[in-house]
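Chemist: have a look at this fold, sequence not included:
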């Protein structure tokens with residue numbers, strides 16, 4: 001088969017850095033092959049992507065050693081980025097960086113127009129790309145008014161319309177709701193079946209791609225540490241443990257399989273078995289000796305934290321009949337009523353464009369109601385400015401580049417403290433402690449533009465935390481983060497919540513919702529359609545699917561076990577392991 005991509009001893013060092021971002025990378029992809037590339041944040045995945053379409057070395061300053069060969073042609077022999085873009089379509093990790101036109105349809109058509117294709121062909125390619133990415137009806141919207149997930153779909157649509165030989169997709173489903181991500185992955189899988197296109201997909205969301213890619217490549221600290229078929233890598237206990245050690249976000253069922261093998265409860269099972277297949281295997285095991293009877297006793301959850309709305313306290317955030325209409329007539333919220341109480345940890349979930357971000361922007365005054373009102377800590381947000389509300393409600397944006405103002409990490413975190421008139425020693429102490437809490441103490445004196453997307457997200461979180469607001473709102477705090485950093489960020493937010501702060505999380509990461517959130521608010525088409533304890537909301541499959549959500553793998557597995565007469569009710573891998581261990585202990 002023809003070689004589509006070949007990297008031979010490739011090393012790249014960014015200008016001003018003493019350590020290579022990637023070092024002695026050797027990788028080959030045949031035409032029609034799909035490779036999933038994963039690894040912790042900072043492993044060099046995005047740098048590798050930029051080597052494939054000429055951004056490295058033509059755009060970024062630095063030193064490149066080794067050879068990058070595309071379609072059996074050495075990159076320097078090609079005519080630079082314009083020539084490569086017809087062969088290699090790259091979707092950036094931050095999609096807003098490649099949205100340049102005033103409307104969605106113009107953005108998708110932009111590259112096709114530059115190549116001088118006939119108008120009828122352009123119109124047909126654009127139409128198909130918008131249909132596949134669920135953006136039909138968005139043609140005349142400004143891309144920068146779209147939600148983060150919709151922007152990602154727009155960037156993907158522009159590449160699909162171009163129809164290159166090689167697709168290089170950097171976190172293509174990171175900002176998408178679960179079912180939206182699965183649909184995009186399914187479409188890419190259909191393209192692969194013809195074996196005419198080559199795919200290199202960088203992702204932390206392995207479950208979207210594991211079941212159909214040919215190979216998985218794991219990177220760490222600029223090097224490739226594993227390379228093989230997903231079934232082979234996940235079926236090897238040593239390799240699975242290595243992936244866990246470096247921070248690969250393994251699917252929940254893979255983690256459960258690994259743990260149960262380690263405990264000797266199961267011996268051999270296909271690591272890529274479906275949830276239904278896995279439920280059958282485990283049901284047979286648990287029914288030996290009546291172990292399922294022990295599990296039946298765990299069905300009812302106890303000790304759930306009482307929701308604020310069931311108390312007589314005054315809510316810290318109260319939304320009454322809130323409607324918001326953007327300029328141009330886009331109705332984002334319709335008659336929303338909501339109460340959030342001090343000390344709650346609440347997750348807002350819903351499909352892209354459901355109104356989640358619009359709603360939380362009302363909490364600190366970034367948006368004002370078109371109708372209705374929002375009361376925060378007893379203050380009507382219509383009557384005060386953003387500066388006053390920001391002392392009560394700290395909000396981090398989904399796109400950190402819309403929130404970072406300074407070139408220095410230190411100065412960015414110090415910015416909000418200027419209004420508090422702290423002593424210089426106290427200011428320095430707060431900055432250092434906050435940066436250490438978000439894992440950025442090492443970066444205190446480096447330029448903000450040199451940070452990765454994940455690091456910039458943590459920087460915006462630090463700039464909010466340093467202010468000690470009563471309410472902390474984080475919009476997609478873990479997008480693009482590896483497993484270790486996802487957990488560290490959520491552990492930090494949970495710790496802050498345990499100290500009495502109210503924490504509101506807007507997220508598509510259903511695993512983290514299940515693990516950390518006490519309460520879920522589900523939004524759809526600008527309305528709240530469900531609100532309650534997390535374990536109750538995540539069991540409502542019909543409601544979730546109506547808004548393109550689905551429970552975590554382990555929760556769906558739990559429901560599937562019920563079809564074998566073994567009632568279970570768990571939302572996390574840790575709960576599942578604990579319950580199954582108990583069944584084996586007493587069964």
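Modeler: Sure thing, it's come through. Just so we're clear, the structure is a prediction, and the values are computed from it rather than from any experiment.

Chemist: can you tell me the centre-most residue of this structure?
Modeler: Using C-alpha atoms, centre = their mean, the residue of the chain that lies closest to the mean C-alpha position is residue 479, 3.1 Å off.

Chemist: where does that residue sit: helix, strand or coil?
Modeler: coil (DSSP: H, G, I helix; E, B strand; the rest coil).

Chemist: isn't it up against residue 399?
Modeler: No - checked against C-beta atoms under 8 Å, the pair residue 479 and residue 399 is beyond contact range at 9.6 Å. For the C-beta atoms, the positions are set from N, CA and C on the backbone; glycine is no exception.

Chemist: where do the helices of the stretch 151-300 of the chain begin and end?
Modeler: For the stretch 151-300 of the chain, the helices defined by DSSP state H, counting those that start in this stretch cover 178-193, 230-235, 237-246, 252-262, 275-286, 291-296.

Chemist: pull the residues that contact the fifth one.
Modeler: Helix 275-286 is contacted from outside by 253, 256-257, 265-266, 269-270, 273, 291-292, 295, 553, 556-557, 560-561, 563-564, 566, 580, 583, 587, using C-beta atoms under 8 Å, 6 or more residues apart in numbering.

Chemist: at 6 Å instead, please
Modeler: Applying C-beta atoms under 6 Å, 6 or more residues apart in numbering, the contact partners of helix 275-286 are 253, 269, 292, 556, 557, 560, 561, 564, 566, 583.

Chemist: could you tell me the angle between that helix and helix 252-262?
Modeler: When axes from the mean of the first three to the mean of the last three C-alpha atoms, to 10 degrees is applied, the directions of helix 275-286 and helix 252-262 differ by 20 degrees.

Chemist: I'd like the mean pLDDT over helix 275-286, please.
Modeler: Helix 275-286 shows an average pLDDT of 82 in the prediction.

Chemist: what residues are up against residue 581?
Modeler: By C-beta under 6 Å, 6+ apart, the contact set of residue 581 is empty.

Chemist: so it, which state does it fall into?
Modeler: Assigned state for residue 581: helix (three-state reduction, three-state DSSP).

Chemist: would you quantify the distance from it to residue 537?
Modeler: Relative to residue 537, residue 581 is positioned 27 Å away (C-beta to C-beta, to the nearest Å).

Chemist: phi, psi of residue 92?
Modeler: phi -70, psi 160 (degrees, to the nearest 10).

Chemist: one more: residue 19?
Modeler: Per-residue torsions, residue 19: phi -120, psi 130 (degrees, to the nearest 10).

Chemist: what's residue 380 in contact with, if anything?
Modeler: By C-beta under 6 Å, 6+ apart, the residues touching residue 380 are residue 373.

Chemist: ok, how many other residues are close to residue 112?
Modeler: By other C-beta atoms under 10 Å, 21 other residues sit near residue 112.

Chemist: sorry, wrong one. I was asking about residue 25.
Modeler: Around residue 25 there are 23 other residues, counting by other C-beta under 10 Å.

Chemist: surely it is in a strand?
Modeler: Yes - assessed with three-state DSSP, residue 25 lies in a strand.

Chemist: that one and residue 11 touch, don't they?
Modeler: No - contact criterion C-beta atoms under 6 Å: residue 25 and residue 11 do not qualify, at 7.4 Å.

Chemist: from residue 130, how far off is residue 512?
Modeler: Distance of residue 512 to residue 130, computed by C-beta to C-beta: 31 Å.

Chemist: same question but for residue 554, I mixed them up
Modeler: The value you get for residue 554 to residue 130, if C-beta to C-beta is used, is 35 Å.

Chemist: mind checking which of those two has more residues around it?
Modeler: The neighbour count for residue 554 versus residue 130, taken as other C-beta under 10 Å, is higher for residue 554 (25 against 22).

Chemist: now do the buried residues in stretch 95-112.
Modeler: Using 16 or more other C-beta atoms under 10 Å as the test for burial, stretch 95-112 gives 95-96, 98-99, 101, 104-112.

Chemist: try stretch 365-381
Modeler: Neighbour-count burial for stretch 365-381, counted by 16+ other C-beta under 10 Å, picks out 365, 366, 367, 369, 372, 373, 374, 375, 376, 377, 381.

Chemist: Throw the residues you listed into JSON lines and include distance to residue 121 and pLDDT, thanks.
Modeler: Formatted as JSON lines, the buried residues of stretch 365-381 follow (distance: C-beta to C-beta, whole Å; pLDDT from 0 to 100):
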{"residue": "365", "distance to residue 121": "47", "pLDDT": "93"}
{"residue": "366", "distance to residue 121": "42", "pLDDT": "93"}
{"residue": "367", "distance to residue 121": "41", "pLDDT": "95"}
{"residue": "369", "distance to residue 121": "46", "pLDDT": "96"}
{"residue": "372", "distance to residue 121": "48", "pLDDT": "97"}
{"residue": "373", "distance to residue 121": "51", "pLDDT": "96"}
{"residue": "374", "distance to residue 121": "49", "pLDDT": "97"}
{"residue": "375", "distance to residue 121": "54", "pLDDT": "97"}
{"residue": "376", "distance to residue 121": "52", "pLDDT": "96"}
{"residue": "377", "distance to residue 121": "57", "pLDDT": "94"}
{"residue": "381", "distance to residue 121": "50", "pLDDT": "95"}
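
Chemist: now, which of these sits nearest residue 225?
Modeler: Checking the buried residues of stretch 365-381 against residue 225 by C-beta to C-beta gives residue 366 as the nearest, at 42.8 Å.

Chemist: how much space between the nearest residue to that closest one once chain neighbours are set aside and residue 368?
Modeler: Closest residue to residue 366 apart from its sequence neighbours, by C-beta to C-beta, 6 or more residues apart in numbering: residue 386 at 6.3 Å. Distance of residue 386 to residue 368, computed by C-beta to C-beta: 10 Å.

Chemist: pLDDT score for residue 301?
Modeler: Confidence score, pLDDT, at residue 301: 40.

Chemist: strands of the stretch 201-350 of the chain, start to end?
Modeler: For the stretch 201-350 of the chain, applying DSSP state E, counting those that start in this stretch gives strands covering 215-220, 223-228, 317-325, 331-340, 345-350.

Chemist: pipe those into JSON lines and attach distance to residue 182, mean neighbour count and mean pLDDT per row.
Modeler: Compiled in JSON lines, those are given as follows (distance: least, C-beta to C-beta, whole Å; neighbours: other C-beta atoms under 10 Å; pLDDT from 0 to 100):
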{"stretch": "strand 215-220", "distance to residue 182": "18", "mean neighbour count": "22", "mean pLDDT": "97"}
{"stretch": "strand 223-228", "distance to residue 182": "24", "mean neighbour count": "17", "mean pLDDT": "97"}
{"stretch": "strand 317-325", "distance to residue 182": "29", "mean neighbour count": "19", "mean pLDDT": "97"}
{"stretch": "strand 331-340", "distance to residue 182": "25", "mean neighbour count": "19", "mean pLDDT": "96"}
{"stretch": "strand 345-350", "distance to residue 182": "16", "mean neighbour count": "25", "mean pLDDT": "96"}
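
Chemist: could I get these as TSV with distance to residue 390?
Modeler: Converted to TSV, the strands of the stretch 201-350 of the chain look like this (distance: least, C-beta to C-beta, whole Å):
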stretch	distance to residue 390
strand 215-220	39
strand 223-228	43
strand 317-325	14
strand 331-340	18
strand 345-350	20
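
Chemist: tell me what the strand or helix carrying residue 484 is packed against?
Modeler: If you go by DSSP states H and E, residue 484 is part of helix 483-498. Here helix 483-498 touches helix 510-516, going by 3 or more C-beta pairs under 6 Å, 6 or more residues apart in numbering; DSSP states H and E.
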